[in-house]
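Trainee: fold the following for me, if possible:
(one chain, ligands or ions: 1)
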Amino acid sequence: MIARPASLAVRVPGDKSISHRALICAVLASGRSRIKNILPSADVRSTAGVLGALGARVPKLADDMRVDGRGLAGLAAPSEPLDCGNSGTTARLMSGVLSGCPFPSRLIGDASLSRRPMGRVARPLATMGAQFAFDAGEHLPMVVTGGRLRPIEFDSPTASAQVKSAILLAGLVGGVPVTVREPVRSRDHTERMLAALGVQVRSLGLEASLEPASDLSAFQLDVPADPSSAAFFAALAAAGGVRGGGPLELTDVALNPTRLGFFRVLRDMGADVAWEVHRDECGEPVGTITVAPRGLEGVEVRSEQVPAMIDELPMLACLATLADGVTEIRGASELRVKESDRIAAVVENLRVVGADADELRDGLRVRGNRRGRSLGGAVRTHGDHRLAMAFGVLGALSGNAITVDDPDCVSVSYPGFWSDLERVTA
Ligand code: S3P
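Mentor: From the prediction side, this is the model:
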């Protein structure tokens, strides 16, 4: 329970994972869908652009938009390469959709995305019958040629919602049953959305299965706020960095348990954290998170906790500099294949600003100090939005003086981040 009510509140922008899926499902549905509060960020624009190049009429991203569905078999061969920009979710989820489409598509991306592994989706989708051709290695550019698919029961070596979703979407578009088992449960937005739209999806423990459907219902969705974006402000509040040093309320947030790992760990570190569900949105619980400051202690994060907080680990590592004792994150080698090598980049920058951090093969270690000296220096983001925001929060704490080389890279997931940060700290 939070001791004092919060006088400051933030509604961060719409959830990125749900926004991608909402656009894809709206285009595959029959009829007109209405989407409110979609995340208007560069990554979601990449998905909209790719769907547009496949013949869908996707309007400019707006607070209240309508999308006309083309049905499960309604996408057309593109006349140009499909540009996924910086977005791994676009590339991987669309690989699944395209595996069920009877034409070739060439997927391209920016320099960061072109370094990220695509074999993890190509292998199971090729087993289902799609063809994949790479220019080099298992990276973009790649050509996906879809066709008649076979059912699959896939044991995924990685806990990845993008891999799981690619296979579920291939099953949906290709009209075949699929089952995916994962080593640890990853975010389940695809399962929840497809079930809400009338598809037979079973999600039990570490296994998700889909039965073929003849069509997908059009829908209305008010996209809840992104818990991964909310995490930056939760960290700020936990560290006493909100104006007046008091608690902060994060409103209308997606409270899907597969996304709340950071908030659970924040509580383990000693922060005062509470959340409450207020409504359901296409199968997603939505509500308020309240965070109040308290002295923080170091914490251990293990592999089974990682998927539910994978995108929040840079923020956790920065916050650990303010916690008494050692924080150790293990079983997180997936961080090495995100928008940057987030293990190397976080540790490099923590050292630049004067913190005590070590790189581990599958994670990192930070020795923190609640009454430690001020942190200062120039952070190199490597163009990674989550690094920019994590160090932005650290820099906003009193006594610290941190600059970020590429503040604009936050546009990938949270275009208004710097002004929201200013508003709650000034
Ligand atoms: C996402 C899944 C995660 C996450 C990414 C979004 C999704 O990636 O890091 O930001 O929307 O499915 P992985 O599936 O590769 O872990």
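Trainee: tell me how many other residues crowd V352.
Mentor: As a burial measure, V352 scores 16 neighbours (other CB atoms under 10 Å). C-beta: built from backbone N, CA, C; applies to glycine.
Trainee: tell me who's in contact with the residue nearest to it when sequence neighbours are not counted.
Mentor: Once flanking residues are discounted, V352 sits nearest to G377: 4.4 Å by CB to CB, 6 or more residues apart in numbering. By CB atoms under 8 Å, 6 or more residues apart in numbering, the contact set of G377 is N349, V352, V353, G354, I402, T403.
Trainee: ok, L255 next?
Mentor: P224, P227, W275, V277, E284, P285, V286, G287, I289.
Trainee: would you show me how to pick out the buried ones of the residues you listed in ChimeraX?
Mentor: Applying 16 or more other CB atoms under 10 Å to those leaves a buried subset, and the ChimeraX line that selects it is:
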select :224,227,275,284,285,286,287,289
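Trainee: okay, and which of the contacts of L255 map to helices?
Mentor: If you go by DSSP state H, the contacts of L255 have P227 in helices.
Trainee: could you report the pLDDT at G245?
Mentor: Note for G245: predicted pLDDT of 93.
Trainee: so L23 makes contact with V67?
Mentor: Yes: between L23 and V67 there is a contact at 6.9 Å, judged by CB atoms under 8 Å.
Trainee: determine the residues that are contacts of both of those two.
Mentor: Residues touching both L23 and V67 (CB under 8 Å, 6+ apart): I35, V58.
Trainee: related to what we said a few turns ago, what helix or strand is the residue nearest to V352 on?
Mentor: strand 376-379 (DSSP states H and E).
Trainee: where exactly do the strands run in the stretch 301-426 of the chain?
Mentor: 325-329, 356-360, 363-368, 376-379, 401-404 (DSSP state E, counting those that start in this stretch).
Trainee: need the winner for burial among those strands.
Mentor: strand 363-368 (a mean of 22; mean count of other CB atoms under 10 Å).
Trainee: okay, now the sheet partners of it, with direction.
Mentor: The pairing partners recorded for strand 363-368 under DSSP bridges are strand 325-329 (antiparallel), strand 356-360 (antiparallel).
Trainee: identify the residues contacting the first one?
Mentor: Residues external to strand 325-329 that are found in contact with it (CB under 8 Å, 6+ apart): 297-301, 306, 313, 316-317, 320, 360, 363-368.
Trainee: can the helix or strand hosting A166 be found next to the ligand?
Mentor: Here A166, judged by DSSP H and E, is contained in helix 161-174. Yes: counting by CB under 6 Å from any ligand atom, the ligand has neighbours in helix 161-174: A161, Q162, S165.
Trainee: let me see the contact set for the residue in the stretch 1-150 of the chain positioned nearest to the ligand.
Mentor: Distances between the stretch 1-150 of the chain and the ligand by CB to the nearest ligand atom are smallest at S17, namely 3.3 Å. Each residue near S17 by CB under 8 Å, 6+ apart is listed here: T89, A161, R187, H189, D226.
Trainee: the same query, at a cut-off of 6 Å, please.
Mentor: H189 (CB atoms under 6 Å, 6 or more residues apart in numbering).
Trainee: so which residues on the protein come close to the ligand?
Mentor: Going by CB under 6 Å from any ligand atom, the residues of the chain near the ligand are S17, T89, S160, A161, Q162, S165, S186, R187, I310, D311, E334.
Trainee: can you do 8 Å?
Mentor: 16-17, 20-21, 88-89, 92-93, 158-165, 186-187, 189-190, 228, 307, 310-311, 334, 337-338 (CB under 8 Å from any ligand atom).
Trainee: do you know the pLDDT at R4?
Mentor: Looking at R4, its pLDDT stands at 69.
Trainee: kindly apply the preceding question to K36 instead.
Mentor: Confidence score, pLDDT, at K36: 98.
Trainee: also R370?
Mentor: R370 is assigned 86 on the pLDDT scale.
Trainee: gap between the residue lying closest to it once chain neighbours are set aside and N369?
Mentor: Leaving aside its sequence neighbours, R370 sits nearest to D324 (CB to CB, 6+ apart; 4.9 Å). Here the criterion is CB to CB, to the nearest Å. By it, D324 lies 7 Å from N369.
Trainee: could you list the domains of the chain?
Mentor: What automatic domain parsing lists as the domains of the chain is 16-220, 224-424.
Trainee: which one of those lies nearest to A9?
Mentor: Of all the domains of the chain, the one in closest proximity to A9, counting by CB to CB, is domain 224-424 (4.1 Å).
Trainee: show which residues not belonging to stretch 102-109 make contact with it.
Mentor: With CB under 6 Å, 6+ apart, stretch 102-109 has contacts from 77-78, 81-84, 91, 98, 140-147.
Trainee: could I have the buried ones of those as PyMOL selection syntax?
Mentor: To isolate the buried ones among the contacts of stretch 102-109 in PyMOL, judged by 16+ other CB under 10 Å, type:
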select buried, resi 78+81+82+83+84+91+98+140+141+142+144+146
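Trainee: would you say R202 is within a strand?
Mentor: Yes: assessed by DSSP: H, G, I helix; E, B strand; the rest coil, R202 belongs to a strand.
Trainee: from G376, how far out is it?
Mentor: Distance from R202 to G376, by CB to CB: 52 Å.
Trainee: on that earlier part again, wait, which of the strands of the stretch 301-426 of the chain is closest to R123?
Mentor: Short answer: strand 363-368, nearest of these by CB to CB, at 25.7 Å.
Trainee: any chance you could list what contacts that closest one?
Mentor: Outside strand 363-368, the residues within contact range by CB under 6 Å, 6+ apart are 298, 317, 320-323, 326-330, 332, 343, 347, 356-358.
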